[in-house]
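1. how would this look folded up:
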Amino acid sequence: MGMIKTVRATGLERLELQRLRDQVGRLYAALQEATETENPLASGEWAPPVDLCETSQEIWIRAELPGVTSEQINIGLTNKQLRVWGEKKRRVARRRIISHLCSERSYGKFTRIVPLRWTISVRDATAVIENGVLLIRLPKIEERRGSEFRIEVKNAGSDTGEKPSKDK
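-> Predicted structure coming up:
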């Protein structure tokens, strides 16, 4: 006695279900990032703000890193997360500043972790920094787990590298 009924969707229903699945996935990724405790920020570190965008072909991550050069940025990618870290150096003034009246900009070490729920083509990932915005492009590859693959059935001895037996 099965408790779960199989539901078959067609046409618009299928599109709506796919859209709902994608929305739930985005919500899950946001929740996972918000509760990330694996690598909490060390004392004095800051996290750059990011935008996470998805197309049918790739994931785009934009991080605000004004005043940071490409040499100051590190990016690590695993099957579960993308990690951006580095250090923004404080500019040394030529004249000695007696006191700051206001200091709102962030300096020092930074880290940002973005959980990934997609299968990513690591070899084709790219990152470019321009005008203080780091743009990371992560091409998606089709998820293969759970997919059905067809295996061709051949006659014994044909195209298998084995010679047919000569038993009579």
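2. now the helices: where do they sit in the protein?
-> Applying DSSP state H to the chain gives helices spanning 12-34.
3. which residues of it fall in strands?
-> When secondary structure is read from DSSP state E, the chain shows strands at 50-54, 58-64, 73-77, 81-88, 108-115, 126-130, 133-139.
4. doesn't residue 117 make contact with residue 79?
-> No: look at residue 79 against residue 117 with Cβ atoms under 8 Å: they stay out of range, at 10.3 Å. All C-beta atoms are positioned from the backbone trio N, CA, C, and that covers glycine.
5. show me the contacts for the residue nearest the centre of the chain.
-> Central residue of the chain (Cα atoms, centre = their mean): residue 116, 3.9 Å from the mean position. Going by Cβ atoms under 8 Å, 6 or more residues apart in numbering, residue 116 touches 29, 59, 77, 79-82, 138.
6. can you tell which of the strands of the chain is closest to residue 149?
-> strand 133-139 (22.2 Å; Cβ to Cβ).
7. would you turn the contacts of residue 116 into JSON lines with pLDDT?
-> Converted to JSON lines, the contacts of residue 116 look like this (pLDDT from 0 to 100):
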{"residue": "29", "pLDDT": "67"}
{"residue": "59", "pLDDT": "94"}
{"residue": "77", "pLDDT": "90"}
{"residue": "79", "pLDDT": "77"}
{"residue": "80", "pLDDT": "83"}
{"residue": "81", "pLDDT": "89"}
{"residue": "82", "pLDDT": "92"}
{"residue": "138", "pLDDT": "95"}
